[in-house]
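Student: Build me a model from this:
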Amino acid sequence: MQSHQKTNYPALYTLIVVFFFWGFMAAGNNIFIPFCKEYFHLDQFQSQLIDFAFYTAYYIGAFVLFVIGNVKGRDLVIFWGYKRSIIFGLLFSTIGAGAMILAVEADVYMGMLIGFFIVALGFSLQQTAANPFAISLGDEKTGASRVNLGGGVNSLGTTIGPLIVGLALFGTTTAVTDNQIKELSLDKVVLLYTFVGLLFIGAAILFATSKKMPNIRTEEPFEKANKAVNLLSVMTLLLLICMVPVFVSYQSDDFLLVEKLKEQIAIQPNEALETQIATLMARIEMQRMMWLTLALIVIIGSLVFAYFRSQKSSNGWGAMRYPQLVLGMLAIFTYVGVEVSVGSNLAELLKLPQFGSISSTNVAPYISMYWGSMMIGRWAGAVYAFHFQPKKERMLIVVMPLLAFLIILFANYQMGYAVDQFYLYAVCVIIQIAIILMTKNHPSKTLFACSVLGALAIVLGLNLQGIYAIYAFLTAGLACSVIWPAIFNLALMGLGKYTAQGSAFLVMMILGGGIIPPIQGKLADIIGIHNSYIVSLVCFVYLIIFGILVNKVLKKQSLL
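Tutor: Below you'll find the predicted structure:
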């Protein structure tokens, strides 16, 4: 990638279309999880397999892409070019939309999971190409601002996605009730995914016919990374060994006994049987916690091993020879983990009396504000992508996040929710604006400052109660908003021909969204949902450490 080159804005504007799709589809999952739970008569774990299939596909897709490239002796994304790779990814997601339609018509839940998995596999290829593509469309050192712009559009998709999906499926943009979900017609689901598939095809045609979008590629000699392949293969095998017992536990003797005891209690209540059920479920939960913790140890241990071994001898490690990339892989893992875990456990947290005993039907605006906080911060960071005059730039950095905040309030108001409880949250938004202004979008400074903000927010949330504690946990969303592009920018800096491979490694680590949240969930059963947020604090602490270490590494390489 070149330094000090002018930003290719026409190409950038076309590129951010795919960022919108990622947010839109992720938001759609929130509709299909409760729908599938009701329609297919699933328990909570089985319904959550939608998210598991979605996030696991990112890891599998990037891993397979890397292995095939290593076998063929060429990096496929670099060989195809970023533009063509995104087109292929869009077409692959179209196949996933088709699989969803077939599964719905056949009334098969497993088929729907396969459809979600295929859609996300396409997204994996798109993300592997899109993030380094955005960085390459201008000066490498300001690449985070362009990824921020894409992230802001992604968050817009996440914010308005539920509105659009709700309108398409239920004919309304107001809050959807459980009865509406139960009575949802499968014909409407078919129509929705037909429309989504057509959108994917339309976007692919847009990319293919855009004359102003370069297909950045290179013919540089490919260096095989057999050591990296071996390490990731062993890590994948160990992860499978750890995850299988988590799923098999639903067919274990203990679990089947629990189901039989529940049937007996349904006929005739019995306190002794209820105590036995509680004991059995506690044992099952502890076993799941053990296997999830082992999966976490496998990932951390593998990356630590790669970090030190690659420094002794770089041959065979490919992109992993760069310490900033290996540190960044663990950073993406913890970042996605904390981003998802804070949001996914928020509804349960707000049920506590000290948080207002907010019911499930009234928790939606809080969840919306958390995910909307991603948009608020990214809209501020995206301003730097346009190189305005300093005075205008500062003004927009103040105005854009406040505008995003108003859009979120308006969206929730339109859905029939009260929003007056969020007015004081504007103070937290102003704090985020101040950080963006002070760090001036310097990736390492932004990463460090926002990670500190996130850690402080979690500490306050753990020690406060009521609305101020809620504001603290929501502020973690503001902190997370600009961390993703900063990690990507710093981790890929100076990788040269290994950039696409490094991007694939980073995309693999989106797996954090499938490992860390369940760990917090299981820990919540032991120490309580409020105290379980210590997991989020640990994640932010590592992000602080990453900010310090990567700054030293890049300065040593004369890249900062």
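
Student: Centre of the chain to stretch 325-344, how far?
Tutor: 8 Å (Cα atoms, centre = their mean, to the nearest Å).

Student: which parts of it are buried?
Tutor: Neighbour counts over stretch 325-344 (16 or more other Cβ atoms under 10 Å) mark 325-344 as buried. C-beta here means a position set from N, CA and C on the backbone, and glycine is covered the same way.

Student: Excluding chain neighbours, what is closest to Gly502?
Tutor: Among residues not flanking Gly502 along the chain, Ala319 sits closest, at 3.9 Å (Cβ to Cβ, 6 or more residues apart in numbering).

Student: list the contacts for the one you found?
Tutor: Each residue near Ala319 by Cβ atoms under 8 Å, 6 or more residues apart in numbering is listed here: 225, 228, 325, 495, 498-499, 501-502, 505.

Student: same thing but 10 Å
Tutor: Shown in contact with Ala319 (Cβ atoms under 10 Å, 6 or more residues apart in numbering): 66, 75, 223, 225, 228, 310, 325-326, 329, 491-492, 495-506.

Student: what does Asp525 give?
Tutor: Contacts of Asp525 (Cβ under 10 Å, 6+ apart): 281-282, 285-286, 288-289, 532.

Student: what's the longest helix in this protein?
Tutor: helix 271-312 (DSSP state H).

Student: the inter-axis angle of the next helix or strand after that one versus helix 271-312?
Tutor: Counting by DSSP states H and E, the element after helix 271-312 in chain order, helix or strand, is helix 323-344. Inter-element angle recorded for helix 323-344 and helix 271-312: 160 degrees (by axes from the mean of the first three to the mean of the last three Cα atoms, to 10 degrees).

Student: burial of the nearest residue to Gln311 once chain neighbours are set aside, as a residue count?
Tutor: Closest residue to Gln311 apart from its sequence neighbours, by Cβ to Cβ, 6+ apart: Pro323 at 6.7 Å. Neighbour count of Pro323, defined by other Cβ atoms under 10 Å: 21.

Student: Which residues are in contact with Leu199?
Tutor: By Cβ under 10 Å, 6+ apart, the neighbours of Leu199 are 17, 20-21, 24, 90, 93-94, 97.

Student: May I have the phi/psi pair for Tyr417?
Tutor: phi -100, psi 150 (degrees, to the nearest 10).

Student: Can you tell me how far it is from Ala99?
Tutor: Per Cβ to Cβ, to the nearest Å, Tyr417 is found 34 Å from Ala99.

Student: Over to Val326?
Tutor: Per Cβ to Cβ, Val326 is found 35 Å from Ala99.

Student: and what of Ala364?
Tutor: Going from Ala364 to Ala99 by Cβ to Cβ gives 29 Å.

Student: again with Gly528
Tutor: From Gly528 to Ala99 the distance is 40 Å (Cβ to Cβ).

Student: the more surrounded of the two?
Tutor: The neighbour comparison of Gly528 against Ala99 (other Cβ under 10 Å) goes to Ala99, with 21 against 12.

Student: about what we covered before: neighbour-wise, which one of the contacts of Leu199 leads?
Tutor: Ranked by neighbour count (other Cβ under 10 Å), those have Ser93 at the top, with 30 neighbours.

Student: Could I get the buried residue list for the helix or strand that residue falls within?
Tutor: Applying DSSP H and E as the criterion places Ser93 in helix 82-106. Buried residues in helix 82-106, defined by neighbour count with 16+ other Cβ under 10 Å: 82-90, 92-101, 103-104.

Student: Please apply the same query to stretch 460-477.
Tutor: For stretch 460-477, by 16+ other Cβ under 10 Å, it's 460-462, 464, 469-477.

Student: shaky segments in the stretch 151-300 of the chain?
Tutor: Counting by pLDDT under 70, the ranges of the stretch 151-300 of the chain that qualify are 159-185, 216-222, 246-256.
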